[in-house]
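In: Here is the input, now give the coordinates:
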Amino acid sequence: MPELTTSATMEDARGGRLCNGNANEMGGASLKEKQRPVLFLDIDGVICTRKGAGWTRDGRPILRSIRRLPVRAIDPKTIKYLNTICSVTDAEVVVSSMWRIDRDVRQILSSRGFQGDFHEHWRTDADGPFRSDEIARWLGKHNWPEHIVIDDKESELMPFLDRLIKTNNYCGLRASDVDLAVGLLGFSRDLMDGEGLTQGVESSG
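Out: Below you'll find the predicted structure:
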């Protein structure tokens with residue numbers, strides 16, 4: 001299969017179509033129908049947040065503490081929101097965050113309560129030049145499944161803006177982001193009634 005680039009595959013990314021002209025002849029269409037959706041996940045500003053570390057929006061500690069607060073920390077609320085998205089949509093997670101380079105994100109998130117599945121090929125490459133290129137190459141190698149991208153920055157993701165859930169980098173994932181993610185993957189919010197949208201977490205971020 002020829003190497004896929006963001007510029008060459010943008011229209012196909014948005015339409016969820018196959019980029020290899022011979023894919024249908026090889027049964028690519030039927031393979032695509034069997035694929036689970038993919039959630040490309042950033043960590044900082046999405047799961048690991050300043051609010052989770054105990055800071056207010058204006059940079060003061062939420063609670064008085066004698067310990068030195070980290071810049072960011074994994075917020076249990078964001079994990080619960082991520083669980084809801086994966087449970088309702090059956091999406092598999094692929095890590096696009098820089099964390100994928102030197103950390104086992106699977107172990108880290110699972111130890112913090114993540115209950116969903118990581119894709120067998122659970123991270124994008126680190127070959128750049130932009131995050132959108134890394135995501136496009138991953139999609140090209142996996143028959144372009146339905147997908148969403150969750151990230152707190154859009155500057156390196158311009159080709160994927162219509163599949164992007166842009167989070168607030170202070171508090172990360174919120175209930176409104178869950179709604180958007182579920183909708184982009186073609187599911188109704190009504191399906192979340194039995195799941196418990198936030199599993200006991202308040203709706204506001």
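In: Can you tell me what sits against stretch 44-51?
Out: Contact with stretch 44-51 is made by 41, 62, 71-75, 78-79, 82, 97-99, 109, 150-153, 167-173, as judged by CB atoms under 8 Å, 6 or more residues apart in numbering. Placement of C-beta: from N, CA and C, glycine included.
In: What average pLDDT does that stretch get?
Out: Averaging pLDDT along stretch 44-51 yields 95.
In: chain center to that stretch, what's the gap?
Out: Relative to the mean C-alpha coordinate of its chain, stretch 44-51 is positioned 13 Å out (CA atoms, centre = their mean, to the nearest Å).
In: next one: stretch 160-180
Out: 9 Å.
In: pretty sure residue 156 is in a helix, no?
Out: No. Counting by DSSP: H, G, I helix; E, B strand; the rest coil, residue 156 is not found in a helix; it is coil.
In: For it, which residues are in contact?
Out: Residues counted as contacts of residue 156 (CB under 8 Å, 6+ apart) are 130, 131, 132.
In: same deal with residue 42?
Out: Going by CB under 8 Å, 6+ apart, residue 42 touches 96, 97, 150, 151, 152, 153.
In: about what we covered before: just the buried ones from the contacts of stretch 44-51?
Out: Neighbour-count burial (16 or more other CB atoms under 10 Å) applied to the contacts of stretch 44-51 gives 41, 72-75, 78-79, 82, 97, 99, 109, 150-152, 167-173.
In: Could you report the separation of the closest residue to residue 185 other than its chain neighbours from residue 143?
Out: Computed as CB to CB, 6 or more residues apart in numbering, the closest residue to residue 185 that is not its neighbour in sequence is residue 89, at 4.5 Å. From residue 89 across to residue 143, the span is 18 Å (CB to CB, to the nearest Å).
In: Looking at these two, which one has more neighbours?
Out: Neighbour tally, residue 89 and residue 143, criterion other CB atoms under 10 Å: the higher count belongs to residue 89, 22 against 18.
In: any idea how far that one is from residue 187?
Out: Separation of residue 89 from residue 187 (CB to CB): 5 Å.
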